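Student: no letters, just coordinates:
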Ligand code: ZN
Ligand code: FE
């Protein structure tokens, strides 16, 4: 099984999961890069997985979804072309490439956003980013905080496939939000070297995100001191961080 990022627009990754013959694409906001990758690797598309309704994640569905192609997506959002609407706890089984995934409802960025977890990987759209998290377009801070909490509780070695390359900007914010975090500083240097070499900083993993991502570190003393929220509930620290990042 191979998982390759297809860069699209300015900073999206469309993830293509394939076994050498059959492929599944996650959040195809643009059909062009997907069609070129399928042709280039000699792959047949067998399913589409969608995390939420935004156009940069769904714009290529109509062009890619030939009749009979399963299109999985959140039941709580209206997305044209979805054939298999999914809710929290549902399971997705795909024969080729062989995938067994569990659906986790992660409201916050949008009301119905879902993530897919299984086979040691997490496909999380615009909910958890490397070093950051999605904006609150439809959901509340409390919802996003709870959603990120569920993702952070997954096994530490889970590989995390986010839909955008926002890592360096996120880690710049992380430095402001949590000045004292040597592990994050070292990780930031590694990510900068990857970007300088023209490579993605993804996938990351859950253990790394617990260590470097301020949005998963609302209990950190350094974060709390920065926000002057020493004794506030975690969710209030999260709301403070998210509001600050919107202006950062
Ligand atoms: Zn989005
Ligand atoms: Fe997006």
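Tutor: Arrived safely, thanks for sending. As the structure is a computational prediction, the values presented were derived from the model and not from experiment. Ligands and ions are numbered 1, 2, ... in the order given.
Student: all contacts plus neighbour counts: C-alpha atoms, from now on.
Tutor: OK.
Student: count of neighbours near the closest residue to residue 78 other than its chain neighbours?
Tutor: Take residue 78 and drop its neighbours on the chain: the residue closest to it by C-alpha to C-alpha, 6 or more residues apart in numbering is residue 53, 7.2 Å away. Residue 53 has 22 neighbouring residues, counting by other C-alpha atoms under 10 Å.
Student: next: residue 172.
Tutor: Quick note: residue 172 (other C-alpha under 10 Å) scores 14 neighbours.
Student: what about it, which helix or strand?
Tutor: Assigned by DSSP states H and E, residue 172 belongs to helix 167-177.
Student: past that helix, which element shows up next along the chain?
Tutor: helix 182-196.
Student: who does that following helix touch, helix- and strand-wise?
Tutor: With contacts taken as 3 or more C-alpha pairs under 8 Å, 6 or more residues apart in numbering; DSSP states H and E, helix 182-196 sits against helix 167-177, helix 206-212.
Student: of those, which is nearest residue 91?
Tutor: Closest to residue 91 of these is helix 206-212 (C-alpha to C-alpha; 21.1 Å).
Student: on that earlier part again, got a markdown table for the helices and strands packed on helix 182-196, with mean pLDDT too?
Tutor: Below are those laid out as a markdown table (pLDDT from 0 to 100):
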| stretch | mean pLDDT |
| --- | --- |
| helix 167-177 | 98 |
| helix 206-212 | 99 |
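Student: got those helices as JSON lines, with distance to residue 94 columns?
Tutor: JSON lines is the format used below for those (distance: least, C-alpha to C-alpha, whole Å):
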{"stretch": "helix 167-177", "distance to residue 94": "31"}
{"stretch": "helix 206-212", "distance to residue 94": "24"}
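Student: surely residue 52 touches residue 75?
Tutor: No. Counting by C-alpha atoms under 8 Å, residue 52 sits too far from residue 75 to count as a contact (9.8 Å).
Student: between the two, who's got more neighbours?
Tutor: More crowded of residue 52 and residue 75, by other C-alpha under 10 Å: residue 52, with 29 against 18.
Student: host element of that one?
Tutor: Going by DSSP H and E, residue 52 is not in any helix or strand.
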